[in-house]
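Trainee: this is the structure alone, sequence omitted:
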C-alpha cells in the first residue's frame, strides 16, 4: 500500500513540475512583439527552487512535491531551468521525467543527469506570461518578479489535482 502511495505521489510531483515547465516554456507569439523592452525584467535563466503551499489546506501530494523540490534544491540539483531571451524566444530544460524517488531506505532522490530541452516564443506584459498549452489553448499566467525571484501562481498553471493555492518559486541565475 505504501509503495502505491509513493508511486502516486511521485506521479503527481512529476505532473506538477512538468506542467510548470510546459506552461512557462511553450508559447505562441501574442501581439506584434514590438515592446521588447517590457520583457527586460524577465530576461535571464530561471531555476525552480521552491514550491510554496499552505500547510493547512495543501494535499499530501502537494506537500510531498514541496519537500521533494526542497530536497533537490538543497542538493544543488536543478530540475527545471527556464531561459527567457530579449528577442522573445525561450527555452526550457527539464529533468522531471527522470526523477527516481527512493523512500524505502529514508528519503533519497538522486539528481537526474538526463534532460529534455524545448524552445519556443513567449510574450510578457503587465506581469503576465502568455503561452499556448499542450492542448493548443492560450493561457495567461500571472507572475511576480522581485529582483532575481519570480513567483508563479500554481493555479494559473492549471495543474491537475492541485486545487489549493500555491506558488512555484524560480531564482534567476
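Mentor: Looks like it came in fine. No experiment lies behind these values; they were computed from the predicted model shown. Numbers count the residues shown, from 1 in each chain.

Trainee: rest of the way, CA atoms for contacts and neighbours
Mentor: Noted.

Trainee: next secondary structure element downstream of the lowest-mean-pLDDT helix or strand in the chain?
Mentor: The helix or strand of the chain with the lowest confidence, counting by mean pLDDT, DSSP states H and E, is helix 2-25 at a mean of 45. Note on helix 2-25: by DSSP states H and E, the next helix or strand toward the C-terminus is strand 44-53.

Trainee: same question for the helix or strand following that following strand, mean pLDDT?
Mentor: Downstream of strand 44-53, the first helix or strand assigned by DSSP H and E is helix 60-74. Rounded to a whole number, the mean pLDDT of helix 60-74 is 90.

Trainee: so which elements touch the helix or strand that comes right after helix 60-74?
Mentor: Reading on from helix 60-74 to the C-terminus, the next helix or strand found by DSSP H and E is strand 80-84. Other helices and strands packing on strand 80-84, by 3 or more Cα pairs under 8 Å, 6 or more residues apart in numbering; DSSP states H and E, are helix 2-25, strand 44-53, strand 89-94.

Trainee: and if we set it to 10 Å?
Mentor: helix 2-25, strand 44-53, strand 89-94, strand 116-121, strand 166-172 (3 or more Cα pairs under 10 Å, 6 or more residues apart in numbering; DSSP states H and E).
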